[in-house]
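Asks: Sequence first, predicted coordinates after that:
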Amino acid sequence: MVSPRAVVVGPPGSGKSTVGPLLAAALGVAFRDSDDDIVARAGRSIADIFADDGEPAFRALEEEAVATALAEHDGVLSLGGGAPLTPGTRARLAEHTVVFLNVGLAAGVQRTGLSSARPLLAGVNPRATFKKLLDERVPVYREVATVEVVTDERTPAEIVADLAARLAPAEAKE
Ligand SMILES: Nc1ncnc2c1ncn2[C@@H]1O[C@H](COP(=O)(O)OP(=O)(O)OP(=O)(O)O)[C@@H](O)[C@H]1O
Ligand SMILES: O=C(O)C1=C[C@@H](O)[C@@H](O)[C@H](O)C1
Ligand SMILES: [Mg+2]
């Protein structure tokens, strides 16, 4: 049975889709993103799935996509920002090496501010929405994570170098 070398979780804008491929390259493994799998399977954007079918329908598609990727993929797997909120996904993650990319409020708002592709942050006050999201989710990310890394004021390359060293097998560090 295969298992991802690392599963990457964290809030929107934490860098899952940016750091994930770089981490995969540093480890010499393939990269996969559960959001991309959902879009490919549904043939629609995530914003369209939320708008047409609602968040519960999206979360059901997401749980299935994540379960499939966890069973098939042996590289780095980045999850959608809300994936660990689903209890079945949390239970599956207990078996895996899970990296939590943490980002604070200011950097998170700045990094997500220019994109309209995130339906959960599309309201009138993205800062308040992002703060609520962090308050609710940080404990959930910490529950599933085996490694946590702060991403504020660090480049993706610096984060990857830190992670690659921390994820190296014990014998490779000696
Ligand atoms: N360490 C970093 N420093 C500066 N900018 C960053 C960093 N990591 C990511 N970014 C930028 O922040 C934006 C969001 O990053 P990314 O799309 O990788 O986040 P994500 O965690 O995949 O978000 P989502 O959950 O919405 O998919 C991008 O424009 C990216 O270039
Ligand atoms: O944080 C979230 O709940 C989400 C993050 C994105 O990766 C997408 O999975 C979707 O926009 C929902
Ligand atoms: Mg992403």
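Replies: Perfect, thanks for sending it. Ligands and ions are numbered 1, 2, ... in the order given.
Asks: any residues touching the helix or strand containing residue 101, and which ones?
Replies: For residue 101, the element it lies in under DSSP states H and E is strand 98-102. Residues outside strand 98-102 that contact it (CB atoms under 8 Å, 6 or more residues apart in numbering) are 6-10, 14-16, 19, 23, 138, 141-142, 144-152, 159, 163, 167. (Each C-beta comes from the backbone N, C-alpha and C, glycine too.)
Asks: need the contact list for the closest residue to residue 92 other than its chain neighbours.
Replies: Leaving aside its chain neighbours, residue 92 sits nearest to residue 70 (5.6 Å; criterion: CB to CB, 6 or more residues apart in numbering). Residue 70 is in contact with 3, 4, 7, 77, 92, 93, 96, counting by CB under 8 Å, 6+ apart.
Asks: Can you give me the buried ones in the helix or strand that contains the third one?
Replies: Residue 7 is part of strand 6-9 when elements are defined by DSSP H and E. Under the neighbour-count criterion of 16 or more other CB atoms under 10 Å, strand 6-9 has 6, 7, 8, 9 buried.
Asks: Run through this protein and note the low-pLDDT ranges.
Replies: 114-119, 123-124, 170-174 (pLDDT under 70).
Asks: With the flanking residues excluded, which residue is spatially nearest to residue 33?
Replies: Distances taken as CB to CB, 6+ apart put residue 78 closest to residue 33, at 4.6 Å, once the chain neighbours are dropped.
Asks: Quick check: the one residue in the chain that gets nearest to ligand 3 vs residue 90, distance?
Replies: Taking CB to the ion, ligand 3 has its nearest neighbour within the chain at residue 17, 3.2 Å off. As judged by CB to CB, to the nearest Å, residue 17 and residue 90 stand 21 Å apart.
Asks: Please name the nearest non-neighbouring residue to residue 141.
Replies: Closest residue to residue 141 apart from its sequence neighbours, by CB to CB, 6+ apart: residue 100 at 4.5 Å.
Asks: Tell me how many other residues surround the closest residue to residue 58 other than its chain neighbours.
Replies: Closest residue to residue 58 apart from its sequence neighbours, by CB to CB, 6+ apart: residue 49 at 5.0 Å. For residue 49, the neighbour count with other CB atoms under 10 Å is 20.
Asks: any idea whether residue 49 is helix, strand or coil?
Replies: helix (DSSP: H, G, I helix; E, B strand; the rest coil).
Asks: same check, this time on the one 3 residues further on
Replies: When classified by three-state DSSP, residue 52 comes out as helix.
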